[in-house]
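Engineer: Got a predicted structure here, sequence first:
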Protein chains: 2
Amino acid sequence: MVAQHVARDADIASVASLIADPTRAAVLTALLDGRALAAGELARLAGVTPATASAHLSRLLDGGLVTVASQGRHRYYRLTGPEVAEVLEVLARISPRPAVRSLRQSRQARLLEEARTCYDHLAGRAGVRLLAALVDAGYLVGQDAYELTGSGETALSELGVDVAAARASRRRFAPACLDWTERRPHLAGALGAAITQALLERDWYRHGASRRVLEPTELGRKGLAAMFSGKELTCSTPVTQARE
Amino acid sequence: MVAQHVARDADIASVASLIADPTRAAVLTALLDGRALAAGELARLAGVTPATASAHLSRLLDGGLVTVASQGRHRYYRLTGPEVAEVLEVLARISPRPAVRSLRQSRQARLLEEARTCYDHLAGRAGVRLLAALVDAGYLVGQDAYELTGSGETALSELGVDVAAARASRRRFAPACLDWTERRPHLAGALGAAITQALLERDWYRHGASRRVLEPTELGRKGLAAMFSGKELTCSTPVTQARE
DNA sequence: ACCATGTTTCGACCCTAGCCCAACCACGGT
DNA sequence: ACCGTGGTTGGGCTAGGGTCGAAACATGGT
C-alpha cells in the first residue's frame, strides 16, 4: 500500500535540503547582503576547502538559489533574488537562537541585532526604530504596508532617496517585514532598499567588518537626530570596538 | 585555519534540515491546513510505517515545528503556528514545480491551483479572484496590506464574518500574501482567515477529498455571483469528477 | 611560452540518517 | 483482568551525501 495522497505540492523538500547543510547555509547567509562574492571567498567564509565549496555552489546553482557571473578567473555568486533572501529571513524567524559562546561572538551578535542589512534594506533595532520614526513623523501611513505622504516624499527626496525609481520598480513598494531579532516590523521593499542606499551614499551608515553589519557614522547620528528632531535612532553607547 | 566569520545568525540549517526530508515535508504539508492529525493518519498520508512517522514527528516536535496533544490513545499533531505555515508557503514559492506524471496527479494539481487553503485562508485562483473582487467592489483598500471600508464592513458582516474578532486578534489584520501558484496576491491574516471560515460555515465552499482542496458548492457560486454582481469567482467548468 | 592564481572535477573515505521489523508501552473497551 | 488498537523505542541494514587531496582546467600576468 502506497501513499494515498501523493503531495502534489511544490517539492519544498529539495529546496529545504539545499539550505539544510550548515556549509551551504553559511554560504547563503554570506550572500544575504545581496552582493556577489567569489567562490574562494565563500569557501573561506564557510570554513571549507575550495573543492568542497565548489561542490556546494554547484548544487545551489542547480537548485536556482544562486546565480553566477564569470569575470576573469573569478566566478561571482549571488542570491538569485529577493525571494531567496525572504526564505532565509523567514526561516531565521522560526530557528532557535543559538546560545552565545564566546565574547567575540557575543559582540558580533550584538552588532547584528543593532543594525544590519536584510538583503538590501536596513534591519535590526535601527531598522525598527527608523520605521517607527518615519511613521511618527507622519511621513509614512499604513499598517503592514505603507504609503508615502506628501511631506514624506519631500523629506526623503531631500535625503537623496529616489522615490520615483522605487515606485517604478516591480517590487512591492513599502511593505513591512517582521524583524528577525526584534519581532517588530521594519521597512522593506523598494522604498526600504532605496532609503538604505541613500543612507550609505550619504555616509550616514557604513558597512561593518562583517559586511552585513551596519554602523552609524557621527554624521549619520547627527543627521538622523536632526531629521527626526532628537529621537534616538542610533545606538548611543556604541558597541565596544574590540578588534580581533 | 577555521572559518573567519562564524555566522552569528540563527541556525537556519537545523530548521531547514527538518523540512528537507521528503517524508517530513509530506507530514508538514498535510498539516498545512491547520488541523491536528493523529500520528497514524500522518504515517498513512506520508506513506511510511507508524514507526518511521513517529521518529519524524519526534524530531519535528524537538524542532518546535509541531505541537502535540494527547487525547485518549491518539496523539494529535499540528503546526506550531502561522509562522511555520509561512515558511512552507515561502519555500514553495521558490521550489521547482514538479512535472505532472499521472492523470490522477494532474487532477489533484488543478484542484490545488483552483482553490485551496493556505494554512487557514483561501488561496489559489479563487483566493486571488476573491481579493480582486473585494477591492473592485470598494470593500477593501490598500496595496500590500488592506483596510476595510465602511461598505466592506457591512458586506462582510452580512456574510457572517466576525470582523471585530479579527481586529482584536494579535495577527496582522489583512495583509496580502503572494499566491504560490498564481504569483498574484490573495488575502491572508486574521481577516482572510475569518472570511474563509465564514465561507465554510455558510457552506459556500467545502473541503475536498484531500482536505486542503476547497470546492465551491452550488450555493456558493450563486452567493458569490450575487455578492459581486456576476463576477466569475468560481471555476465555471468544474474539474472533472474522476473517482479513483 | 611559462608560471601563478582561482576554480572545478575525480576518486575515495567516512558518517549520518532514513527505513523497516519486532518488541514494548499506554490507553479503552468489554 | 483480559485483549485490541494506537504509538513509541531499539536494533540492524543501507544509501546518500559531505569532506578532502590530487589533478585537471581556465584565465591573466610576466
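Structural biologist: Happy to help now that I have it.

Engineer: of all the residues in chain A, which ones are close to DNA strand D?
Structural biologist: Chain A comes close to DNA strand D at residues A:17, A:20-23, A:48-49, A:51-52, A:55-56, A:59, A:70, A:72-73, as judged by Cβ under 7 Å from any atom of the strand. Placement of C-beta: from N, CA and C, glycine included.

Engineer: Most neighbours of all these, which one?
Structural biologist: Among those, the one with the most neighbours (other Cβ atoms under 10 Å in any protein chain shown) is residue A:56, at 24 neighbours.

Engineer: I'd assumed residue A:25 was in contact with it.
Structural biologist: No - the pair residue A:56 / residue A:25 is not scored as a contact, 10.0 Å apart, by Cβ atoms under 8 Å.

Engineer: among the helices and strands of chain A, which has the poorest mean pLDDT?
Structural biologist: helix A:103-114 (a mean of 74; mean pLDDT, DSSP states H and E).

Engineer: Give me the next element, helix or strand, following that helix.
Structural biologist: Using DSSP states H and E, the helix or strand that follows helix A:103-114 in sequence is strand A:116-118.

Engineer: Quick one: list the elements packing against that following strand.
Structural biologist: Here strand A:116-118 touches strand A:121-123, going by 3 or more Cβ pairs under 8 Å, 6 or more residues apart in numbering or on different chains; DSSP states H and E.

Engineer: if we can go back for a sec, closest one to DNA strand C out of the residues of chain A next to DNA strand D, please.
Structural biologist: Distance to DNA strand C, by Cβ to the nearest atom of the strand, is smallest for residue A:51 among the residues of chain A next to DNA strand D, at 3.3 Å.

Engineer: Tell me how far the helix or strand harbouring the closest one lies from the chain's centre.
Structural biologist: Using DSSP H and E, residue A:51 maps to helix A:50-62. Taking Cα atoms, centre = their mean, to the nearest Å, one finds the center of helix A:50-62 at 23 Å from the center of the full chain.

Engineer: cool, stretch A:42-61 as well?
Structural biologist: 22 Å.

Engineer: now do the same end-to-end measure for it.
Structural biologist: Here the two ends of stretch A:42-61 are set 14 Å apart, with distance taken as Cα to Cα, to the nearest Å.

Engineer: Mean confidence (pLDDT) on that stretch, please.
Structural biologist: The average pLDDT within stretch A:42-61 is 95.

Engineer: all helices of chain A, in order?
Structural biologist: Listed in chain order, the helices found in chain A under DSSP state H are A:12-20, A:22-30, A:39-46, A:50-62, A:82-93, A:103-114, A:125-136, A:150-159, A:163-168, A:189-201, A:218-227.

Engineer: Tabulate those in CSV, adding columns for distance to residue B:217.
Structural biologist: Below are the helices of chain A laid out as CSV (distance: least, Cβ to Cβ, whole Å):
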stretch, distance to residue B:217
helix A:12-20, 31
helix A:22-30, 45
helix A:39-46, 54
helix A:50-62, 44
helix A:82-93, 34
helix A:103-114, 50
helix A:125-136, 43
helix A:150-159, 47
helix A:163-168, 42
helix A:189-201, 38
helix A:218-227, 56
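
Engineer: Comparing these by mean pLDDT, which bottoms out?
Structural biologist: Among the helices of chain A, helix A:103-114 scores lowest, at a mean of 74.

Engineer: sorry, back to before: what about the helix holding residue A:51 and DNA strand C, touching?
Structural biologist: Yes - using Cβ under 7 Å from any atom of the strand, helix A:50-62 reaches DNA strand C at A:50-51, A:53-55, A:57-58.

Engineer: so which of the helices of chain A gets nearest residue B:192?
Structural biologist: Taking Cβ to Cβ, helix A:82-93 is the member of those nearest to residue B:192, at 17.9 Å.

Engineer: quick one: buried residues of the closest one?
Structural biologist: Residues of helix A:82-93 classed as buried by neighbour count (16 or more other Cβ atoms under 10 Å in any protein chain shown): A:82, A:84-93.

Engineer: Just want to check the distance between the residue nearest to residue A:186 when sequence neighbours are not counted and chain B.
Structural biologist: Using Cβ to Cβ, 6 or more residues apart in numbering or on different chains and skipping residues adjacent in sequence, the residue nearest residue A:186 is residue A:127, 3.4 Å away. Note on residue A:127: its distance to chain B, by Cβ to the nearest Cβ, to the nearest Å, is 16 Å.

Engineer: tally of neighbours for residue A:127?
Structural biologist: Other residues near residue A:127 come to 30 when the count uses other Cβ under 10 Å.

Engineer: pretty sure it contacts residue A:115?
Structural biologist: Yes - taking Cβ under 8 Å as the definition, residue A:127 is a contact partner of residue A:115 at 7.0 Å.

Engineer: what is the residue positioned nearest the centre of chain A paired to in the beta sheet?
Structural biologist: By Cα atoms, centre = their mean, chain A has its centre lying nearest to residue A:118, at 1.2 Å. Beta-bridge pairing for residue A:118 (DSSP bridges): residue A:121.

Engineer: Next up, the contacts around whichever residue of chain A sits closest to DNA strand C.
Structural biologist: As assessed by Cβ to the nearest atom of the strand, DNA strand C sits closest to residue A:40 within chain A, at 2.4 Å. When contacts are counted by Cβ atoms under 8 Å, 6 or more residues apart in numbering or on different chains, residue A:40 touches A:50, A:53, A:74.

Engineer: Which of these ranks first by neighbour count?
Structural biologist: For the contacts of residue A:40, the largest number of neighbours (other Cβ under 10 Å) sits with residue A:53, at 24 neighbours.

Engineer: Correct me if wrong: that residue contacts residue A:42.
Structural biologist: Yes - judged on Cβ under 8 Å, residue A:53 makes contact with residue A:42 at a distance of 5.5 Å.

Engineer: Determine the residues that are contacts of both of those two.
Structural biologist: Counting by Cβ under 8 Å, 6+ apart, the contacts common to residue A:53 and residue A:42 are residue A:27.

Engineer: Return the distance of residue A:165 relative to residue A:157.
Structural biologist: With distances taken as Cβ to Cβ, to the nearest Å, residue A:165 is found 11 Å from residue A:157.

Engineer: Give me the more crowded residue out of those two.
Structural biologist: residue A:157 (14 against 11).

Engineer: Tell me how far that one lies from residue A:164.
Structural biologist: 9 Å.

Engineer: and what of residue A:124?
Structural biologist: Distance from residue A:124 to residue A:164, by Cβ to Cβ: 28 Å.

Engineer: Residue A:135 too?
Structural biologist: Taking Cβ to Cβ, one finds residue A:135 at 22 Å from residue A:164.

Engineer: Quick check: residue A:177 touching residue A:89?
Structural biologist: Yes - using Cβ under 8 Å, residue A:177 is in contact with residue A:89, at 7.3 Å.

Engineer: shared neighbours of the two, which are they?
Structural biologist: residue A:118.

Engineer: okay, residue A:135 and residue A:164: which has more neighbours?
Structural biologist: Higher neighbour count among residue A:135 and residue A:164: residue A:135, with 17 against 11, using other Cβ under 10 Å.

Engineer: can you tell me which residues contact the more buried one?
Structural biologist: Listed by Cβ under 8 Å, 6+ apart, the contact set of residue A:135 reads A:141, A:146.
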